[in-house]
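**Student:** this one's sequence-less:
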């Protein structure tokens, strides 16, 4: 969590009723996303896109995990808009990373390979500009009204309480436990299935599980023994597999580029033949323009980079080590479950007890202040309306 979010300490957060606890975290994540959105307008902020993408990913992951407890606070169209923005941000970020990597690689290319690096850079840079226009247009059109609506839905809700029911209210910690356990199990299975560098799909799936598990734990890690250590290890695993994934995506780009380059080269030579311009000087010129030697050199560097990332993954996370993260997460889930104060309904039964959407006539609380949820039985008075 970013500094300045008005969440209670993690141990207190875990003791809250689950509907309130998950909303408090969601509001803080939402505010972080809005803050990151503001940085996109600064052309000198080189990490703005990355940070916005991560903030939005955290928010979407949290809303998805705790959807059963959020009941009518979320509307499908708002989640769909967040998904669309996230996908566009991902494309922009991938292109941004690839442009930066190609520029870095160009310095190591030989003179006859430079044309290939320049040719590929033009291809990716053009795509980057196109994707950025689409991304920024979409953000400008729907982001503000979508986040405003999410804030309204999350901050105000009704909690249904039956005083005749002696079952204590389920606390946040107890609701988090099975979510942590399920994601940890998925991570363990996927890591165990990775046997070689060719297992890109299952490795990427393991990375997604690690990411979801980390996002579940980050807001509460300080409140449970072993939580912060596991978050750190998950982040390292995510970075390692992320390196492999970046190489895989970039390799696909190089393969497509080589196919296009070959077609262009053939077309130029054929044109020169038809126009009677093929001589020693023309042949030398065409050879110098051929991007394929540069693309081959880039592919070689990509292979080395991918092999290095897989070697680290294998030595630290695969084989006999594949169960370590799962075991740690299970211990944490057990500690979280120990906080359960009763046998309240599981998420599948929640709609009968869950919150209903707030009245649309209520004033919108300020998103920047991360308003605490307003409930019928637990009223909260937020700061006066206003936005930064």
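**Tutor:** Arrived safely, thanks for sending. Remember, predicted model here, so these are calculated numbers, not experimental data.

**Student:** pretty sure residue 183 is touching residue 214, no?
**Tutor:** No: the pair residue 183 and residue 214 fails to qualify as a contact (Cβ atoms under 8 Å) at a distance of 9.2 Å. Bear in mind the C-beta positions are built from the backbone N, C-alpha and C, glycine included.

**Student:** If you tally nearby residues, what's the number for residue 146?
**Tutor:** 20 (other Cβ atoms under 10 Å).

**Student:** which residues does the closest residue to it other than its chain neighbours contact?
**Tutor:** Computed as Cβ to Cβ, 6 or more residues apart in numbering, the closest residue to residue 146 that is not its neighbour in sequence is residue 81, at 4.6 Å. By Cβ atoms under 8 Å, 6 or more residues apart in numbering, residue 81 lies in contact with 142, 143, 146.

**Student:** next SSE after the helix or strand containing residue 81?
**Tutor:** In the assignment (DSSP states H and E), residue 81 maps to helix 76-106. For helix 76-106, the following helix or strand on the C-terminal side (DSSP H and E) is helix 114-155.

**Student:** tell me the mean pLDDT over the helix or strand hosting residue 35?
**Tutor:** Assessed by DSSP H and E, residue 35 sits inside helix 18-39. Mean pLDDT, helix 18-39: 95.

**Student:** And the following helix or strand past it, what does it pack against?
**Tutor:** Using DSSP H and E, the next helix or strand after helix 18-39 towards the C-terminus is helix 48-65. Contacts defined by 3 or more Cβ pairs under 8 Å, 6 or more residues apart in numbering; DSSP states H and E place helix 48-65 against helix 18-39, helix 76-106, helix 200-217.

**Student:** hey, what's residue 156 bridged with?
**Tutor:** residue 374 (DSSP bridges).

**Student:** Flag the shaky bits of the stretch 1-150 of the chain, pLDDT-wise.
**Tutor:** By pLDDT under 70, the low-scoring segments of the stretch 1-150 of the chain are 1-5.

**Student:** Now do the closest residue to residue 45 other than its chain neighbours against residue 169, distance only.
**Tutor:** Closest residue to residue 45 apart from its sequence neighbours, by Cβ to Cβ, 6+ apart: residue 39 at 5.0 Å. Distance, residue 39 to residue 169, using Cβ to Cβ, to the nearest Å: 39 Å.

**Student:** Was I right to think residue 95 contacts residue 124?
**Tutor:** Yes: the criterion here is Cβ under 8 Å, and residue 95 meets it with residue 124 at 6.0 Å.

**Student:** Give me the most central residue, the chain.
**Tutor:** The residue lying closest to the centre of the chain (Cα atoms, centre = their mean) is residue 57, at 3.8 Å.

**Student:** From residue 63, how far off is that residue?
**Tutor:** 11 Å.

**Student:** who does the helix holding residue 35 touch, helix- and strand-wise?
**Tutor:** helix 10-15, helix 48-65, helix 67-70, helix 114-155, helix 172-192.

**Student:** So for residue 86, which of the ones you listed sits nearest?
**Tutor:** Nearest of the helices and strands packed on helix 18-39 to residue 86, taken as Cβ to Cβ: helix 48-65 at 5.1 Å.

**Student:** Now do the closest one against helix 18-39: the angle between them, please.
**Tutor:** 160 degrees (axes from the mean of the first three to the mean of the last three Cα atoms, to 10 degrees).

**Student:** Any idea how far helix 48-65 is from the middle of the chain?
**Tutor:** 5 Å (Cα atoms, centre = their mean, to the nearest Å).

**Student:** contact partners of that helix?
**Tutor:** If you take Cβ under 8 Å, 6+ apart as the criterion, helix 48-65 is touched by 22, 25-26, 29-30, 32-33, 35-37, 39-40, 42, 70, 74, 79, 82-83, 85-86, 89-90, 92-93, 96, 179, 211-212, 215-216, 218.

**Student:** ok, of the residues you listed, which come out buried?
**Tutor:** Buried members of the contacts of helix 48-65, counted by 16 or more other Cβ atoms under 10 Å: 22, 25-26, 29-30, 32-33, 35-37, 40, 70, 74, 79, 82, 85, 89-90, 92-93, 96, 179, 211-212, 215-216, 218.

**Student:** List the residues that contact residue 36.
**Tutor:** By Cβ under 8 Å, 6+ apart, the residues touching residue 36 are 48, 51, 52, 54, 55, 56.

**Student:** who does the longest helix seen in the chain touch, helix- and strand-wise?
**Tutor:** The helix that spans the most residues within the chain, counting by DSSP state H, is helix 227-274. Using 3+ Cβ pairs under 8 Å, 6+ apart as the contact test, the elements touching helix 227-274 are helix 76-106, helix 114-155, helix 200-217, helix 280-289, helix 292-317, helix 324-337.

**Student:** ok so, going back, if I look at the residue nearest to residue 146, how far off is residue 141?
**Tutor:** From residue 81 to residue 141 the distance is 9 Å (Cβ to Cβ).
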